[in-house]
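>>> fold the following.
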Amino acid sequence: MSSEAITHAPQKLSKRGLRLTGLIVAVVLIAIVVIGLITRASQASNIKTWTQEQAVPTVKLVTPMPGDKGPVLDLPGRLEAYVRAPIYAQVSGYLKDWKTDIGAPVKAGELLGEISTPEIDQQLLQARADLASAKANADLAGITAKRWQAMLGSDSVAQQDVDQRTGDYAAKVAQMKAAQANVDRLEATKAFARLIAPFDGVVTARDTDVGALVNTGGGAGQELFVVSDIHKLRVYVQVPQAYGPSIRPGSDAVLVVPEYPGREFHAQVVATSNAVNATSGTTLVQLMVDNADSKLMPGSFAHVHFSLPADTAALRVPASSLIFDNGGLRVATVDGDNKVAFKKVSILFDYGKSVEIGSGLEAGDHVIDSPPDGIKSGDQVKIATDNAAAKPHEKA
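The predicted model follows:
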C-alpha cells in the first residue's frame, strides 16, 4: 500500500467522526431546548394554577351565638343623704353661739346653736304681765258675780244686775285665756331660738356664725345648719327609656366612685318613677347603698353599673366581622356553595371585642371573621383548614 492511500484513509475517518459528533451535539442541544420548554410550560401552568388558587381568598368563619350574660349598663349617678334636713330660723335675732361644726355627729334633740331674741323676750314679758292683769280681773269679777248671785235670793238685787255681773265674769275669764294663749305662743316661739337636730346624723353644713343677723326661714332666711343621715345613701340615676323595663325594684347594681379607684360598692334598686321625662327621654331610678363606714359622701358623683338580663333572641359576633361602607352596616356570610352573601345588621349592644346583633342574622349563619378587603357578594371563598366547620363565637 502506498503512503498516499494511507494518508487518505485517516482523513475520511476524521470527517465521519466530526459529523457524528456534531450530530450528537445537535441532538443534545435540541433535547435541552425541548426539556427547557417543557419545564417552562409546566412551571407556567403551575404558576397559573397557584395564582388562580390564591385569587380565591381563604376565610375564617364564626357562628353567631346568644350570650349567656346580659350587657352592663354604665350610667352616671348622684349620691344623696338618706335624710337631709336644712335648719332654718323660725325667729329673728342674732346668733348667740353655735355648738356643732361641720362633720360633727349629732343626736336627735342635740343643740346646734342658739339665737338671741331680745324683741321676743320683751314681748313675752309684756304678755305675762297682761296675763297677770287678766287673771286678777277675772278673779275679782268671779268674786263679784258670786256675791250678787247670793244677794239674788234675798230679792235685794234685780236679776238684770246679777246677769250683768255673771256676764262680766265670763268675759274676764275669756280675756285671761286669750292672754294665756298669747304667753304660750311667745314661749313656743322663744323655744325656736334653740336650734336642735331633728334626728341622729352628721352636720354637713354650717352657714352662719356668732353675731350674724338671722331672719326667719322662707324667702329672706337662709340655711343655718344642715343635718344629714348618712348611714345609708340614696343614689339617683336617669335610665334611658329603652332600658327602663329591665331595671325594677330589687335589682342589684355596682357603684364606682372616683375617690376609691378599684373599689366597688353594692346598691339595690328601691324605686322607679314609672314615668319618662319628656325632655331627656329617661326615667328616674332610686337605689339604696349601705354607708355604715361613712366612706361615701352625699352629693358626690358615681358610676352605676347595671347588669341587664341577657336577650336570648340577640346573637353575638366578633366586632372584627362588621363591615361599614356605602352599603351600611353589614356582615359577610358564606352559603352552602362557599359563596359570599352580605347581610345588613343592626347593633343592639357593643361589648368592645364583640357586638350583640339585634336584627339581620340567624343562628345558623356562617359569618366571615375579618373579611378581606374588596370582597364582593357572590365571590368564591375557601374555608380555612382549621375552620372546616364554622366555629362558634366565644361568648363575651
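>>> check which residues of stretch 31-39 are buried.
Buried residues in stretch 31-39, counted by 16 or more other CB atoms under 10 Å: none are found. From N, CA and C alone the C-beta is placed, and that goes for glycine too.
>>> which residues touch the residue positioned nearest the centre of the chain?
Geometric centre of the chain, nearest residue: residue 75, 1.8 Å, by CA atoms, centre = their mean. Neighbouring residues of residue 75 by CB atoms under 8 Å, 6 or more residues apart in numbering: 237-239, 303-304, 306.
>>> would you mark the buried spots in the strand or helix carrying it?
Taking DSSP states H and E as the criterion, residue 75 maps to strand 72-87. By 16+ other CB under 10 Å, the buried positions in strand 72-87 come out as 73, 75, 77, 79-85, 87.
>>> distance to residue 19 added to these, as CSV?
Shown next, in CSV, are the buried residues of strand 72-87 (distance: CB to CB, whole Å):
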residue, distance to residue 19
73, 98
75, 101
77, 106
79, 111
80, 116
81, 120
82, 120
83, 124
84, 123
85, 128
87, 132
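>>> show me what the helix or strand that the strand holding residue 75 is followed by is packed up against.
Per DSSP H and E, the first helix or strand lying C-terminal to strand 72-87 is strand 93-98. Applying 3 or more CB pairs under 8 Å, 6 or more residues apart in numbering; DSSP states H and E, we find strand 93-98 packed against strand 111-116, helix 118-152, strand 213-214.
>>> quick one: mean pLDDT for the longest one?
If I follow you right, that is helix 118-152. Computed over helix 118-152, the mean pLDDT rounds to 89.
>>> cool, and stretch 370-378?
Stretch 370-378 comes out at a mean pLDDT of 81.
>>> how near is residue 260 to residue 303?
Per CB to CB, to the nearest Å, residue 260 is found 11 Å from residue 303.
>>> let me fix that, I meant to ask about residue 332.
Per CB to CB, residue 332 is found 36 Å from residue 303.
>>> compare neighbour counts for those two and give me the winner.
More crowded of residue 332 and residue 303, by other CB atoms under 10 Å: residue 332, with 25 against 13.
>>> so after the host helix or strand of that one, what's the next helix or strand?
Residue 332 is part of strand 328-334 when elements are defined by DSSP H and E. Using DSSP H and E, the helix or strand that follows strand 328-334 in sequence is strand 340-344.
>>> what comes up buried for stretch 238-253?
238-239, 243-244, 246-247, 251, 253.
>>> surely residue 127 meets residue 181?
No - using CB atoms under 8 Å, residue 127 makes no contact with residue 181, being 9.5 Å away.
>>> more neighbours, those two?
Taking residue 127 and residue 181 together and counting by other CB under 10 Å, residue 127 has the greater number of neighbours (20 against 12).
>>> mind jotting down where the strands sit in the stretch 251-396 of the chain?
Secondary structure of the stretch 251-396 of the chain (DSSP state E, counting those that start in this stretch): strands at 252-256, 265-272, 282-290, 301-307, 315-318, 322-325, 328-334, 340-344, 346-350, 354-359, 367-369, 382-383, 391-392.
>>> of the buried residues of stretch 238-253, closest to residue 351?
Ranked by distance to residue 351 (CB to CB), the buried residues of stretch 238-253 are led by residue 243 at 15.5 Å.
>>> let me see the confidence value for the closest one.
At residue 243, the pLDDT value in this model is 85.
>>> sorry, back to before: what's the mean pLDDT across the strand holding residue 332?
87.
>>> how close does residue 305 get to residue 238?
15 Å.
>>> can you check residue 298 too?
Distance of residue 298 to residue 238, given as CB to CB: 18 Å.
>>> cool, residue 208 as well?
Note on residue 208: its distance to residue 238, by CB to CB, is 34 Å.
>>> ditto for residue 173
Separation of residue 173 from residue 238 (CB to CB) stands at 62 Å.
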